[in-house]
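# one predicted model, sequence on top.
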Amino acid sequence: MISITVEEYNGERRKLEVPVDMGLSLMEVLKAYEYDIQATCGGMALCATCHIEVLEGADKLPESNDSELATLDTLPDVDINSRLSCQLRPDDHMDGLVIRIKALQDS
Amino acid sequence: MITTDICIIGAGPVGLFAVFEAGLLKMRCHLIDALPVIGGQLAEIYPQKPIYDIPGAPGIIAEDLVKNLYMQIEEFKPGFTLGERVEFLEKQQDESYLVKTNEGTEVHCQVVVIAAGLGSFEPRKPAVERLEYFEGKGVHYMVRKPEQFRDQNVVLAGGGDSALDWTVFLAGIASRVTLVHRGDTFRGAPDSAEKVFELAEKGKIDLILQAQVSSLGGNGVLKEVSITGNDKSVVKVPTDHFIPLFGLSPKLGPIADWNLGVEKSAIIVDTFDYSTNIERIYAIGDINTYPGKLKLILCGFHEAAIMMQSAFKYIYPDQKLSFKYTTVNGVNPF
């Protein structure tokens, strides 16, 4: 179990307990915590409706693959720390990660 | 005005298959979809992906499933209104419905079936000052009629396939094309990206990388865009049109205003027949919710079959519905 913090758009932070041994993507974890993410494509890095911004810990994440980068390229509001949460598999390196869910702001 | 028995909102896999189930019961259908093509998510998001859980069609490619579904329903002669979004459902005095789109198309029907997936696909809008003010006055979110840009100045923004493809296409039509992209590479479609770089090198288009359009200017109609570089430098480019192409994102849209029972962006239905809280309006596929709901195409197919049996009483109030197998009775086209 690791912890990942989600910063809401009003600045409030919520710490989530995240299992690392259940084969879930970060998108699936966020949905399990009832964040209203559409995840239209179900995790294929195609729809960008699970777009997050990494506020702290971006350097500890594995690099984006080509399909994630290609989809991020289509978005109007990406920045250097943008990721698709469906492409991230929580592991011990991600303990302490702080994110903002861009997809919720977009909708 | 179009007249039909059943108006289906959404031409994704479930909406398409619903035509078949209706056709078996001699009920005619008209489908409306906000996308310009049939297939819904399968066409817009993952046309090339294999789907493994369609019974009897192992590993079928999404766009092939759409083609097969169309083949299966063709003989029931469904009508289509594509590229238009349903805005209003108006109940008539005789309990039938008038369905109206944003383009003014009207469909008169006895039953409305909402098979709208996650809602209608709407263009993603970038944060650009005065963007909405210039909508219809020089700002376009999709290219419908390329000819309208002949001999005009056009600025496009975006880094995906459609931004690249339209840049290449419009370079041959418009008087000047400028493409603005936040990054310095294009990672989606290497072939189109290569063409864009080649056109830029030859001076046929202007390519402005590591920058984004930040504001629009003009008096009544669009006259110029301001482009801010990642280094904060600002250039102004005179233009007649600005086309931001940042893909589509599904939105529930007007469905939320139709007094249907809605829970977390999904329509609550009775699993007896997938009817909503309003008589003659049904919801099937990803758009509905009920205890145990699974958002699977195959579940939507099942819902369509059950739902059409229930709708029969509104189309043929004087007839008794008798259940028949296609193996026994075949399929009788219109």
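That came through, no problem.
# surely residue A:64 meets residue A:72?
Yes: with contact defined as CB atoms under 8 Å, residue A:64 reaches residue A:72; the gap is 7.1 Å. All C-beta atoms are positioned from the backbone trio N, CA, C, and that covers glycine.
# what residues are shared contacts of the two?
Residues touching both residue A:64 and residue A:72 (CB atoms under 8 Å, 6 or more residues apart in numbering or on different chains) are A:83, A:84.
# in chain A, which spans are strands?
For chain A, the strands defined by DSSP state E cover A:2-7, A:13-18, A:51-56, A:82-84, A:98-100.
# enumerate the residues of chain B near chain A.
Taking CB under 8 Å from any CB of the partner chain as the contact definition, chain B meets chain A at B:41, B:45-46, B:49, B:118, B:124-127, B:157-161, B:163, B:181-183, B:186-188, B:244, B:246-247, B:249-251, B:264-265.
# check those residues for burial and list the buried ones.
Restricting these to buried positions leaves B:41, B:45-46, B:49, B:118, B:124-126, B:157-161, B:163, B:181-183, B:186-188, B:244, B:246-247, B:249-251, B:265, with burial counted as 16 or more other CB atoms under 10 Å in any protein chain shown.
# endpoints of stretch B:324-333, how far apart?
By CA to CA, to the nearest Å, the extent of stretch B:324-333 from end to end equals 15 Å.
# what's the average pLDDT for it?
The average pLDDT for stretch B:324-333 rounds to 90.
# give the contact list for the residue nearest the centre of chain A.
Centroid check for chain A by CA atoms, centre = their mean gives residue A:85 as the closest residue, at 3.0 Å. Counting by CB under 8 Å, 6+ apart, residue A:85 makes contact with A:25, A:26, A:27, A:30, A:37, A:50, A:51, A:52, A:99, A:101.
# could you rerun that using 6 Å?
Residues near residue A:85 by CB atoms under 6 Å, 6 or more residues apart in numbering or on different chains: A:26, A:27, A:50, A:52.
# dump the residues you listed to JSON lines, plus distance to chain B, neighbour count and pLDDT.
Shown next, in JSON lines, are the contacts of residue A:85 (distance: CB to the nearest CB, whole Å; neighbours: other CB atoms under 10 Å in any protein chain shown; pLDDT from 0 to 100):
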{"residue": "A:26", "distance to chain B": "20", "neighbour count": "24", "pLDDT": "96"}
{"residue": "A:27", "distance to chain B": "14", "neighbour count": "24", "pLDDT": "96"}
{"residue": "A:50", "distance to chain B": "12", "neighbour count": "29", "pLDDT": "95"}
{"residue": "A:52", "distance to chain B": "15", "neighbour count": "24", "pLDDT": "96"}
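# residues contacting the closest residue to residue A:87 other than its chain neighbours?
Excluding its sequence neighbours, the residue lying closest to residue A:87 (CB to CB, 6 or more residues apart in numbering or on different chains) is residue A:68, at 4.7 Å. Neighbouring residues of residue A:68 by CB under 6 Å, 6+ apart: A:45, A:84, A:87.
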